[in-house]
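Enquirer: Prediction below, plus the sequence it came from.
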Amino acid sequence: MNNDVKRFGVLAPPGNTAMERELPFALPAGVAMNHNRLSRPGSGISADSLLAMADSIGRAASDLAQAYPEIILYGCTSGSFLAGIGREAEVAQRIADLTGIEAITTSTAVVNALRAVSAKRVFMLTPYPKDITRHEVDFLAHYGIETGAWDALECPTSEAIRQVSSEAVRDRLLANRNRIDGCDTVFISCTNLLTMDQIAGLERELDKPVVSSNQASLWAVLRHMKVDTGYRGDRLFQRDGHIEVSRPGPARAAA
């Protein structure tokens, strides 16, 4: 064994366990993931707490950069879109300028992924309280993606999200089948929600693309790294697409 592999870095919320659980098992041979945790006050699912993670980016990103990943993912959906509609790439730009390494947020990855599967009208499932879910509806609308219907698990904390099994996510979606019928794509939000082992089955059951935050994040970083994603059966992983990343400013890039 040696370290001659392609690698990407992940910055994730302190209570997020799903990315560490799902992503390593979904990687193709020759690709490695390095992970570091951000900090925030408490585990409540609130805008103030989620946005406070940005204060810890400096140390977390600088430490992660010492693993020399090709790209760094800011792995929190709500923590990037809550900064303001159209501002979700700002945190990625901050990481890129700080480390000299290209960066992307999960929110940007989700938009790229939904465009790749030609989503126009989605059914969205989130674990968030309703106010944050409604903000995500506005976020998607800003990028021309209509939310035809949505459902929210209304988990109050990161711990509560962790208690939701991927099977429970599947069952909640199938219980919404009539509402999903009026949409062309299913989107499951939140990087702390286990989903990836259910996506292929849901796509067969519902006969439409199913995109989750973790799946979209992995697809985006692999595509940017020019890694073939055809090894997975998910519809998204069979698609190419434009990946919008933040690149370091000229001074940092030349350093």
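Expert: Perfect, thanks for sending it.

Enquirer: which other helices and strands contact the helix or strand harbouring Ile104?
Expert: According to DSSP states H and E, Ile104 maps onto strand 102-105. Under the contact definition 3 or more C-beta pairs under 8 Å, 6 or more residues apart in numbering; DSSP states H and E, strand 102-105 sits against strand 71-74, helix 90-99, helix 213-224. Heads up, the C-betas are built off the backbone N, CA and C, glycines and all.

Enquirer: Of those, flag the one that's most buried.
Expert: Each of those was scored by mean neighbour count; the highest is strand 71-74, a mean of 29, by mean count of other C-beta atoms under 10 Å.

Enquirer: So which elements touch that one?
Expert: Checked by 3+ C-beta pairs under 8 Å, 6+ apart, strand 71-74 has strand 6-12, helix 57-65, helix 90-99, strand 102-105, helix 106-116, helix 213-224 packed alongside it.

Enquirer: Just put these in TSV and tack on mean pLDDT and distance to Leu236.
Expert: Formatted as TSV, the entries for these read as follows, by pLDDT from 0 to 100; distance: least, C-beta to C-beta, whole Å:
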stretch	mean pLDDT	distance to Leu236
strand 6-12	96	17
helix 57-65	94	26
helix 90-99	93	20
strand 102-105	96	16
helix 106-116	96	6
helix 213-224	98	5
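
Enquirer: Please name whichever of these is nearest to Gly249.
Expert: Of all the helices and strands packed on strand 71-74, the one in closest proximity to Gly249, counting by C-beta to C-beta, is helix 90-99 (5.2 Å).

Enquirer: and the closest one, how far from the chain's centre?
Expert: The chain centroid and the centroid of helix 90-99 are separated by 17 Å under C-alpha atoms, centre = their mean, to the nearest Å.

Enquirer: Quick check: which helices or strands does it pack against?
Expert: Packed next to helix 90-99, using 3+ C-beta pairs under 8 Å, 6+ apart, are helix 57-65, strand 71-74, helix 78-81, strand 102-105, helix 250-254.

Enquirer: returning to what we had before: Gly58: which of the helices and strands packed on strand 102-105 is closest?
Expert: Comparing the helices and strands packed on strand 102-105 by C-beta to C-beta, helix 90-99 comes nearest, at 6.5 Å.
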